[in-house]
Every structure is written in structure tokens, then in C-alpha cells.
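Novice: Build me a model from this:
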Amino acid sequence: MSIDEIIANFELLDDWDDRYRYLIELGRALPPLPEAARNDVNKVRGCASQVWLATSIKPNGAAGPVLTFAGDSDAHIVRGLIAVLFALFSGKGAKDIFATDAIALFEKLGLREHLTPQRSNGFRSMVDRIHRDASAAVG
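Specialist: A predicted model of the protein is given here:
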């Protein structure tokens, strides 16, 4: 699902219970993360729940590397946040990743005021990790 579809669906849902359910459904749609990828290297620090983020990097000539992500969490809401981040960043070039403001999207969707500070910090930790991986890919 594209980030534009997710934003449009969020805007259609007035009630926060419905938005939470939608976020959980997005997380359920994530492909399963292989057990081997649930390791210390892929573990995201700064999240209250367990979060793993595996990054694949493909060269793309002059355009720079393209990053694709796989991930999982032991928390349903966090899996949904991962799905939103993947819709925003996965399959994009490092330059596009740097140019995209995930925190602004987080606020636009109203997530900041409706999630606990721990979840908001975890979201930031995931964004920071994606940025670090993009930075390492560029090199």
C-alpha cells in the first residue's frame, strides 16, 4: 500500500479507535520477518517494545543506492508504525529518504498526540535507524 493511500484512509477515519484498528491491520499485512533476521544487528535501540529492522541495499548507478526494508515488532501498534514507515521509505533511494520528513507525517496523521511518549520515541528511533542505514549506503 502506498503512503498516499494510507494518508487518505487515515483522513476517512474520524474515530481514533478506528484509526488504531487500521494501524494494527497495516501491521498484520507486513510480510513475516525471517527468524534469522531477529538478531542484535537488526534490533532497533530506543523502542519500548522489541523491534527489528533489516535493510537491503541495491546499487542504482548515478541515482545512488535504493534501500528496501523488512521488519517486525512484538507490539501490534508498533508493527503498524513499521508498515507506515515502510510505505514511506522502502524501495526509495537514499537521497529521497533524507528528503522525506517522517516526523511531519507522524504529526499529520495525528499519531503524536494519540500515542504514548514511549511509542513516539520508538517511532523516532526507527526513523533514525533508517536514516543511519541510508547514510551508510551512500557511504
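
Novice: counting contacts, what elements does the helix or strand of the chain with the lowest mean pLDDT pack onto?
Specialist: Sorting the helices and strands of the chain by mean pLDDT, DSSP states H and E puts helix 111-114 at the bottom, at a mean of 88. For helix 111-114, the contact count by 3 or more C-beta pairs under 8 Å, 6 or more residues apart in numbering; DSSP states H and E identifies helix 16-28, helix 117-138 as packing neighbours. Bear in mind the C-beta positions are built from the backbone N, C-alpha and C, glycine included.

Novice: Which one of these lies nearest to Cys47?
Specialist: Nearest to Cys47 among these is helix 117-138; the distance by C-beta to C-beta comes to 3.7 Å.

Novice: Contacts only, for Pro65.
Specialist: Listed by C-beta atoms under 8 Å, 6 or more residues apart in numbering, the contact partners of Pro65 are 57-59, 93-94, 134, 137-138.

Novice: and which of these is nearest Val41?
Specialist: Ile57 (14.1 Å).

Novice: So the closest one sits against Ser135, correct?
Specialist: No: between Ile57 and Ser135 no contact is recorded; they are 11.4 Å apart, counting by C-beta atoms under 8 Å.

Novice: In terms of neighbours, single out the busier of those two.
Specialist: Ile57 (15 against 12; other C-beta atoms under 10 Å).

Novice: helix or strand for the more buried one, which one?
Specialist: Under the criterion of DSSP states H and E, Ile57 resides in strand 51-58.

Novice: what packs against that strand?
Specialist: Going by 3+ C-beta pairs under 8 Å, 6+ apart, strand 51-58 lies up against strand 66-73, helix 76-89, helix 117-138.

Novice: Show me the contact partners of the first one.
Specialist: Spelled out, it's strand 66-73. 27, 30-34, 37-38, 42, 47, 49-60, 79, 82, 85-86, 89-94, 97, 130, 133-134, 137.
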